[in-house]
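> Pasted the sequence and its predicted model underneath.
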Protein chains: 2
Amino acid sequence: MHNLMQDWPLRVGSILDHAARYHANRPVISRSVEGPITRTTWTDIHLGARRCTQALRRLGVQPGDVVGVMAWNTARHLEVWYGVPGAGAVLHTLNPRLFAEQMTYVINHAGDSVLMVDPDLVPIIEGIADRLEKIRHIIVLTDRAHMPETTLDMLCYEELVAAEDGDTAWHMGDERDACGICYTSGTTGNPKGVVYTHRSNVIHALSSQSPDMLGLGAADTVMPVVPLFHANGWSIGYTAPLAGASIVMPGRDMTPPAIYEMLEQGVTLTAAVPTVWLGLLGWLRENPEKRFSTLKRVVIGGSSCPRAVIETFQDTYGVQVLHAWGMTEMSPLGTVCSFKPEVAALPDDKRLDVQETVGHPPYTVELKITDDAGNRLPEDGAAQGRLWCRGPAIVGEYLHMGEKAHDADGWFDTGDVATIDPNGYVRITDRSKDVIKSGGEWISSIDLENVAVGHPDVAEAAAIGVPHPKWDERPVLVVVPTPGTEPDKQAILDLVATRFAKWQVPDDVLFVEELPHTATGKISKLTLRQQLNERGYALPA
Amino acid sequence: MHNLMQDWPLRVGSILDHAARYHANRPVISRSVEGPITRTTWTDIHLGARRCTQALRRLGVQPGDVVGVMAWNTARHLEVWYGVPGAGAVLHTLNPRLFAEQMTYVINHAGDSVLMVDPDLVPIIEGIADRLEKIRHIIVLTDRAHMPETTLDMLCYEELVAAEDGDTAWHMGDERDACGICYTSGTTGNPKGVVYTHRSNVIHALSSQSPDMLGLGAADTVMPVVPLFHANGWSIGYTAPLAGASIVMPGRDMTPPAIYEMLEQGVTLTAAVPTVWLGLLGWLRENPEKRFSTLKRVVIGGSSCPRAVIETFQDTYGVQVLHAWGMTEMSPLGTVCSFKPEVAALPDDKRLDVQETVGHPPYTVELKITDDAGNRLPEDGAAQGRLWCRGPAIVGEYLHMGEKAHDADGWFDTGDVATIDPNGYVRITDRSKDVIKSGGEWISSIDLENVAVGHPDVAEAAAIGVPHPKWDERPVLVVVPTPGTEPDKQAILDLVATRFAKWQVPDDVLFVEELPHTATGKISKLTLRQQLNERGYALPA
Ligand SMILES: Nc1ncnc2c1ncn2[C@@H]1O[C@H](COP(=O)(O)O)[C@@H](O)[C@H]1O
């Protein structure tokens, strides 16, 4: 009586097949690397992807080979997104902002044998080419006319695919075959490779298009501002065609007017980290005549979203914010802050409070919080603990690590610290290595930062724990002033004191010109602590 | 590099776990078999299901055992829906309307060793008890006070579960393990058993909650009027908790006032076959003060939905109709007629034309049409052909048949005849065995019937092909008159002639008091043709 339904493996190629057949004419709009905004369809992407598959095969790419892709969000990147796994190969997304060291490491560690690179990123490869161990081909993602000058031997993507007719089938195999690789932006040690399978990507896309997650349907036009090389591109490269949605690919230009121009191509849902939206909202404030003509919802994740951003989107622009949390290891979606009936029924300001949480998980994501000893903590919205997760699209084992990334019961430690309330809304209060432990209690660095950036003179803030003989650690705020202001230390602390208990208020505020960031734009507290150490910082007496 | 994501099998128990944790307070409202309307939550169902699992284990039920369940749509049935597979057993839904012969056959064929039965259905079991081969226990789904008088040895469900504390874990196993069995209501030969796996039910639920399918979210309250024993209960027993929706279970009473009363419990989405809605709309016409206070969408499938039903729901009641098609073998969803942008943009009457199609498939359902020789036909909205499907929630092999139910490429012949238009909208024109072949051309019996029932004097109509020496077959309409009318043959044919070519208009109209139906409420054309044969019917000269 076992296994009497059809054997239909969950492979990503079938997602694009579906879009090409059933959502054939839905627009795919893209800012190209060559400059112009192009307009094609899922059918065109499907054809392009199959030609890409054929071209890779002709170059000798075998199932299981790893192809590194360093590219902006464009229609061509979508072709490659399906063309590489279509050949049974594994698409390794490369973040161009990695340091040369790390870039070399991840390309060699994953065993990339082919690289596909946007023309403006060729210099990055040139800089490390002599250290790359297995690369057999480098393909530049453009046409002959736009091929950059280079000392290396490089192939032209459009020439390669022009020689193919697209009349081929995707490589078929087990649904647990590797489909993509994305390295974590580890602040300590070497980056670690997460290997998505066809199965995990399909299940994740099915979950994330749910009405209470992204809620993506054929009537939507989605724009992933988040790069495809960040955390599986938040899976939108899969979710959009699965849902039959239109897609707008914003290309490389991340300036507010460029993003605005692309949003005005009919976008209804978009997604990016808070910094992008801070920039856009700032620009909009200076250009009050600009409004969104089609935008309805914006997904904000990757780091904590300031309340002011949520308020401005909703109150000034009528755009609903979906605060979300996830990580590379989770494919990446963990939670989305959509409104359950209990929350929808709240008065506006209480609902806004809830929107500062990252929301609740879909089916396929299990969560729990524990104390340091691993004991489960109550999900009462108050108890803070280490956040663990479990599910079919969560890392089982990092590449070449040879050991499980989770405990015996399957739980993966996210490295985040959180509360969970009775309705399942998660509040991320810290990274476990950034949590400030004072007098046996935990103080949330994220909460401190969120309140601090509410001060008009504070552009960016980081709260860290500084060793203290009696209290173990005491919080200190490190602040980047808003350009043209000279913030007053006490005023900032007074603001914090309105929302925190006395013992939680930082002992000091330091002003710096710049905070250290990781390649994915997060504040690197490790580096920050080192910097304070190096300059011999001491707490005020 | 293979299989580096977590091993998290897709098992239905995790769906209920999700609902109980993250949608704990969402109401489960049910008309009980004891009479009153009860109000519980997913958390209560979760507890009840685990107690049911424990009770079954205590009775000796082993993983892989088959438990037959004959019950109306109630909260208790939901407990059992998860409690049976929770013990690793297989839930075999029994349609109480089966003839004793068929009932005996399916219980023995599936190897049911335990039966769970609603109290009013006990007589059905009594009538066949001596022919049941493997039954070890019969459990009546009620409390001690409502146990029926019976000559058989029967256990009381509420007593069994009262002895358990719910502190247990679901049986874990492979996701391709059997989870449920539903027999097709074959009009020829013995019914055939479709064995749903945990995996197929989970994937199907993920697909069917998609925004463009049922579009089910936590803000919805869904009422499956379609019984859980029809075609996997249209999967709503899985989709609702997966989506975190509230559920209303209407119980046994299918009279219009009873259904209306349950719809008024806050239902936003409901689902049933056209007959149910014809009855309800008729009653509403006589009770013009009744309106729907919360209902927004109604899924109509199982057989072709008359245009008038769609129009009345939408124009009179502001309730959107989602015409749907599926079958037991497909878990059951095949297509849903939601509006893609191309359709949303149409003028009202053109959009209504599209709503007479059954819509388009979700990702996970592949479709094609072929001629009798198996050649693929164009999907141009005109070519009619046999409809084939493929997907992870489609039957691979019927129970104990020992051979694939699909061809070498995985395609399953649905037995339906259809057109598919360029946007992927499917129009079911016939069952392949009911298609009327006249002069080498196919005439759609469903289209003929749909036009005929547009005549006010026609309550129900069936079009069948009657052998003809020259044309092979000629269409004949068999009509049940609206009570109190004496329909005019020519008037009906004239109406048909307004929508059909001359050669497609039936040669005759016969009037009958009643049409033969299958256990799932479909007209049995096989029986009808036999009846005409027996009474020596001959075409008019
Ligand atoms: N919307 C519909 N229009 C026409 N026929 C339908 C529709 N939905 C289901 N059916 C028929 O019902 C059959 C499935 O029956 P069952 O397996 O009993 O659910 C399909 O193969 C179709 O022939």
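Structure received.

> now the helices for the stretch 1-150 of chain A?
For the stretch 1-150 of chain A, the helices identified by DSSP state H, counting those that start in this stretch occupy A:13-22, A:42-58, A:75-86, A:100-110, A:122-128, in order along the chain.

> Which one of those helices lies nearest to residue A:223?
If you check each of the helices of the stretch 1-150 of chain A against residue A:223 by C-beta to C-beta, helix A:75-86 wins as the nearest, at 12.5 Å. (Each C-beta comes from the backbone N, C-alpha and C, glycine too.)

> From residue A:363, how far off is the residue of the stretch 401-541 of chain A found nearest chain B?
Closest approach between the stretch 401-541 of chain A and chain B, counting by C-beta to the nearest C-beta: residue A:424, at 4.1 Å. Counting by C-beta to C-beta, to the nearest Å, the gap from residue A:424 to residue A:363 is 12 Å.

> more neighbours, these two?
With neighbours defined as other C-beta atoms under 10 Å in any protein chain shown, residue A:424 and residue A:363 compare such that residue A:363 has more, 26 against 21.

> Might you report the residue contacts of the more buried one?
Residue A:363 makes contact with A:207, A:210, B:14, B:15, B:18, B:206, B:242, according to C-beta atoms under 8 Å, 6 or more residues apart in numbering or on different chains.

> do the same with residue A:76
Neighbouring residues of residue A:76 by C-beta under 8 Å, 6+ apart: A:30, A:32, A:33, A:48, A:141, A:157.

> Output the residues you listed in JSON lines; the columns should cover neighbour count.
Rendered in JSON lines, the data for the contacts of residue A:76 read as follows (neighbours: other C-beta atoms under 10 Å in any protein chain shown):
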{"residue": "A:30", "neighbour count": "26"}
{"residue": "A:32", "neighbour count": "19"}
{"residue": "A:33", "neighbour count": "21"}
{"residue": "A:48", "neighbour count": "24"}
{"residue": "A:141", "neighbour count": "25"}
{"residue": "A:157", "neighbour count": "25"}
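
> thought residue A:9 was touching residue A:197?
No. Shown here, residue A:9 and residue A:197 do not form a contact pair, counting by C-beta atoms under 8 Å, at 10.4 Å.

> which one of these two has more residues nearby?
The neighbour comparison of residue A:9 against residue A:197 (other C-beta under 10 Å) goes to residue A:197, with 28 against 16.

> Is there a neighbour count for the residue in chain A that the ligand sits nearest to? I'd like the number.
When you check chain A against the ligand by C-beta to the nearest ligand atom, the closest residue turns out to be residue A:5, at 15.0 Å. Using other C-beta under 10 Å, residue A:5 is surrounded by 27 other residues.

> swap in residue A:88?
Other residues near residue A:88 number 24, with proximity taken as other C-beta under 10 Å.

> Would you mind listing the residues in contact with it?
Contacts of residue A:88 by C-beta under 8 Å, 6+ apart are A:62, A:63, A:64, A:171, A:173, A:177.

> On the strand side of things, show who residue A:247 bridges to.
On DSSP bridges, the residues paired with residue A:247 through beta bridges are residue A:28, residue A:222.

> Would you agree it is in contact with residue A:240?
Yes. A contact is recorded between residue A:247 and residue A:240 when judged using C-beta under 8 Å, the distance being 4.6 Å.

> between those two, who's got more neighbours?
Neighbours of residue A:247 and residue A:240, each counted by other C-beta under 10 Å, are more numerous for residue A:240; the result is 30 against 26.

> Over to the more buried one. Which of the three states is it?
Judged by DSSP: H, G, I helix; E, B strand; the rest coil, the three-state class of residue A:240 is helix.

> State the distance from it to residue A:19.
To residue A:19, residue A:240 is 8 Å away according to C-beta to C-beta.

> Then residue A:386?
For residue A:386 relative to residue A:19 (C-beta to C-beta), the value is 39 Å.

> In terms of neighbours, single out the busier of those two.
The residue with the greater number of neighbours, taking residue A:386 and residue A:19 and applying other C-beta under 10 Å, is residue A:19; the counts read 27 against 21.

> Could you report the pLDDT at the nearest residue to the more buried one once chain neighbours are set aside?
Setting aside the residues directly before and after it, residue A:19 is nearest to residue A:241 in space (C-beta to C-beta, 6 or more residues apart in numbering or on different chains), at 3.4 Å. Here, the pLDDT recorded for residue A:241 equals 98.
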